[in-house]
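> Provided below are the primary sequence and the corresponding predicted coordinates.
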Amino acid sequence: MKIKIYIRVYKYEKREISSTLKKILLYDNLYTENKLVTFEALEIYADKNIDFADAMLCAKKNLGLKVIVLTFGVEYRFTPHSLPKHY
């Protein structure tokens, strides 16, 4: 998803983008890998100062799914500002 375009170009708020995408995802003939994870990620994305990809990682972790993060030369850490509320 190119969510950054909606923020930078069209000046939409993260909460509005999240809400709209959730409504679209309710359609039966729209497929995502895991709608529950996507809904959780959209909620985290709207509430925290992180991008959608990081919100997906948090959502998978919150729902008990295995999360593997590979980086190149940078240590990856969750910061207090990027974690979901219940951490």
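Everything's here; your move.
> Please make it C-alpha for all contacts and neighbour counts, starting now.
Noted.
> So which bits of stretch 33-50 are buried?
Buried positions in stretch 33-50, judged by neighbour count with 16 or more other C-alpha atoms under 10 Å: 37-48.
> those strands in the protein, which residues are they?
Counting by DSSP state E, the chain forms no strands at all.
> show me where pLDDT drops low in it?
Counting by pLDDT under 70, the chain shows low-confidence ranges at 1-10, 71-87.
> try 80 this time
Applying pLDDT under 80 to the chain flags residues 1-12, 68-87.
> from the buried residues of stretch 33-50, which is closest to residue 57?
In terms of C-alpha to C-alpha, no member of those lies closer to residue 57 than residue 41, at 7.9 Å.
> Of the buried residues of stretch 33-50, which belong to helices?
Of the positions in these, 37-47 sit in helices, assigned by DSSP state H.
> Now render these as TSV, adding distance to residue 22.
TSV is the format used below for those (distance: C-alpha to C-alpha, whole Å):
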residue	distance to residue 22
37	11
38	8
39	6
40	10
41	10
42	7
43	9
44	12
45	12
46	11
47	14
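> Between the residues you listed, which sits nearest residue 64?
Distances from residue 64 to those, taken as C-alpha to C-alpha, are shortest for residue 37 (10.3 Å).
> Would you mind measuring from that closest one to residue 25?
Residue 37 sits 12 Å away from residue 25, going by C-alpha to C-alpha, to the nearest Å.
> Can you give me every residue that contacts residue 51?
By C-alpha atoms under 8 Å, 6 or more residues apart in numbering, the contact set of residue 51 is residue 45.
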